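Q: here is my input, please return the structure:
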Amino acid sequence: MAQTIELDRVAQILKSDRRYNRLRREIEAGTADDPGADGPAAAARKIVQDAIAIAGSGGKTRPVRRVADECALDRFYHRANSSLTAQQYGAGLKFRRAWLCSARRARVTQTYDTQEIERGDLVASEVSLDAREVVTAALEVLSSHQRRAVVAVCGEDQVVGLRGKTLCSGLERLHELWKK
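A: Purely as a prediction, here's the structure:
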């Protein structure tokens with residue numbers, strides 16, 4: 001009896017394995033759609049479909065799907081149980097852009113091109129200074145807890161964790177600051 005149950009279980013595994021391999025071959029050939037991951041977490045993600053050219057295929061393109069979330073703030077906003085509003089999300093993205101722009105440093109690699117050394121890059125430094133002013137003004141408005149949450153999630157791209165309410169209130173204050 002136990003041997004029969006074991007044989008049935010092995011037969012089901014092999015059958016599902018053959019189905020999986022057949023579906024994988026059909027997806028690779030382009031004759032079947034890629035169903036992707038299922039479940040509530042996958043359904044809540046922002047999925048984008050792109051066409052990529054496969055090397056050695058003579059320019060033939062193939063549709064692929066990818067998750068469009070770029071940072072922890074995107075993942076928090078697109079989550080099913082997110083408490084983040086569109087205005088707060090916009091304020092967070094504005095802070096993120098300013099944070100990344102202000103945190104960029106000048107290139108420190110050596111160059112032997114004298115024209116490159118003499119010319120300098122005034123435009124990039126002005127943009128960086130403007131971004132630093134935006135970040136400084138934003139951090140002055142926030143409390144210390146809100147500052148830590150906004151910098152961690154929007155600037156440093158850390159997971160939201162238990163800072164969700166603090167992050168939302170901080171982004172709401174930033175939205176009020178930049179709404180004027």
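Q: and the strands in this structure?
A: Here the chain has its strands, by DSSP state E, at 47-53, 61-67.
Q: just name the most buried of these.
A: Neighbour counts (mean count of other Cβ atoms under 10 Å) averaged over each of the strands of the chain peak at strand 61-67, with a mean of 13. Using the backbone N, CA and C atoms, a C-beta is placed for each residue, glycine as well.
Q: neighbouring strands for that strand, and are they parallel or not?
A: Strand pairing for strand 61-67, using DSSP bridges, gives strand 47-53 (antiparallel).
Q: got a list of contacts for the partner strand?
A: The contact list for strand 47-53 (Cβ atoms under 8 Å, 6 or more residues apart in numbering) reads 36, 59, 60, 61, 62, 63, 64, 65, 66, 67, 68.
Q: could I get the contacting residues of the fifth one?
A: Applying Cβ under 8 Å, 6+ apart, we find residue 62 in contact with 30, 51, 52, 53, 54.
Q: specify the beta-bridge partners of it.
A: Listed by DSSP bridges, the beta-bridge partners for residue 62 are residue 52.
Q: can you check the pLDDT for it?
A: According to the prediction, residue 62 has pLDDT 80.
Q: okay, domains of the chain per the record?
A: 1-35, 36-68, 72-179 (automatic domain parsing).
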